[in-house]
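Participant: here is my input; please provide its structure:
(one chain, ligands or ions: 1)
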Amino acid sequence: MNKLRTDQENVLIPLIRSRRQEEEKMKKKTSENHEEKSLGLCYVDSLLNLDLPDEEDEGGRRRKLSENEIVSLCSEFLNAGTDTTSTALQWVMANLVKYHDIQSKLYDEIRKVSHDNKIEEEDSRKMPYLKAVILEGLRRHPPAHFVLPHGVIQDVELDGYLIPREATVNVMVAEIGWDSNIWGEDSMEFKPERFLNEDDGSLNEEMSDVTGNKEIKMIPFGAGRRMCPAFGLGLLILELKNSSGLLMLEMMWICLKNRSLLLS
Ligand code: HEM
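Facilitator: Sure, this is the predicted structure:
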């Protein structure tokens, strides 16, 4: 753990310091030339600018985040965005390898929409089956199996159970998405069709809600005020990576086929 932490510091501290220096240089230039210049705002800037509301230093000023705290927040952010997305993608790909019928149906949809072997952000709206495959991946194999540990700030009674103040609460996210009362007897099967309307194959809006705002059916991104702030981005990344991944596999397949033709 110490080694991991040291690695995090070695990677992130130089980046944080260089950002701070760049920002200071820019401010200096701006005041010398009297013209507004900015590097744009990034996550590290918002952490560097933060004044903690409840904590004051010896001079009575609001405390700033320490460099170590910024390292923790940056690595949490990077981890929250990368580990989840790559795990989800691997599960979807594994199921596409296992179920060839789903793979070819998805492939046909992607081929119809793609142009010059490319998929753009707006194309994802024209691919309900792709969305259904991603949602089924997240339902069947949510990367954050228990979301993050939560807690209550005072003793709470919920449905006859006492949740004590100091307790750690883990939400059974995966089990919620496997509930046969909601998803049917085949809830453990990988069936993207469950998210589509039977008549025209369009996306069933009610079934595909992942926010839990109206009813909790599956919550791979959590729910409520600490829900994943990047759930829209996460879904989009998965859609784009999956479709471009399949197109890339096809190119590799064509290259391999041509190569073996050349060799034979
Ligand atoms: C498939 C992709 C993703 C999944 C399944 C996912 C899932 C989650 C879950 C379950 C939580 C905890 C919610 C809770 O405690 O109730 C969470 C929190 C968080 N996620 Fe994601 N996430 C994904 C992608 C991303 C991406 C791409 C980013 C950033 C670019 C991100 C940033 C965060 C952050 C910063 C938090 C902490 C929020 C807080 O504590 O208030 N996530 N995510």
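
Participant: near the ligand, which residues of the stretch 151-264 of the chain are found?
Facilitator: Counting by Cβ under 6 Å from any ligand atom, the stretch 151-264 of the chain comes close to the ligand at 220-222, 226-230, 233-234, 238. Using the backbone N, CA and C atoms, a C-beta is placed for each residue, glycine as well.

Participant: want to throw those into a markdown table with secondary structure and neighbour count?
Facilitator: Compiled in a markdown table, those are given as follows (DSSP: H, G, I helix; E, B strand; the rest coil; neighbours: other Cβ atoms under 10 Å):
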| residue | secondary structure | neighbour count |
| --- | --- | --- |
| 220 | coil | 26 |
| 221 | coil | 23 |
| 222 | coil | 21 |
| 226 | helix | 10 |
| 227 | coil | 16 |
| 228 | coil | 21 |
| 229 | coil | 11 |
| 230 | coil | 16 |
| 233 | helix | 12 |
| 234 | helix | 22 |
| 238 | helix | 24 |
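
Participant: pull the most distant pair out of the residues you listed.
Facilitator: Within these, 226 and 238 form the most distant pair, 21.1 Å apart (Cβ to Cβ).

Participant: tabulate the residues of the stretch 151-264 of the chain next to the ligand (a markdown table), appending distance to residue 108.
Facilitator: Putting these into a markdown table (distance: Cβ to Cβ, whole Å) gives the following:
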| residue | distance to residue 108 |
| --- | --- |
| 220 | 26 |
| 221 | 29 |
| 222 | 34 |
| 226 | 39 |
| 227 | 34 |
| 228 | 31 |
| 229 | 34 |
| 230 | 30 |
| 233 | 27 |
| 234 | 25 |
| 238 | 19 |
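
Participant: which of those residues lies closest to residue 53?
Facilitator: residue 226 (18.6 Å).

Participant: check contacts around that closest one.
Facilitator: Residue 226 makes contact with 148, 150, according to Cβ atoms under 8 Å, 6 or more residues apart in numbering.

Participant: one more: residue 191?
Facilitator: With Cβ under 8 Å, 6+ apart, residue 191 has these contacts: residue 136.

Participant: got the residue ranges for the helices in the stretch 51-200 of the chain?
Facilitator: Shown for the stretch 51-200 of the chain, the helices assigned by DSSP state H, counting those that start in this stretch span residues 67-98, 100-113, 128-140, 173-178, 180-183.

Participant: as TSV, those helices with distance to residue 122 and mean pLDDT would be great.
Facilitator: Converted to TSV, the helices of the stretch 51-200 of the chain look like this (distance: least, Cβ to Cβ, whole Å; pLDDT from 0 to 100):
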stretch	distance to residue 122	mean pLDDT
helix 67-98	20	93
helix 100-113	10	92
helix 128-140	13	96
helix 173-178	29	96
helix 180-183	30	95
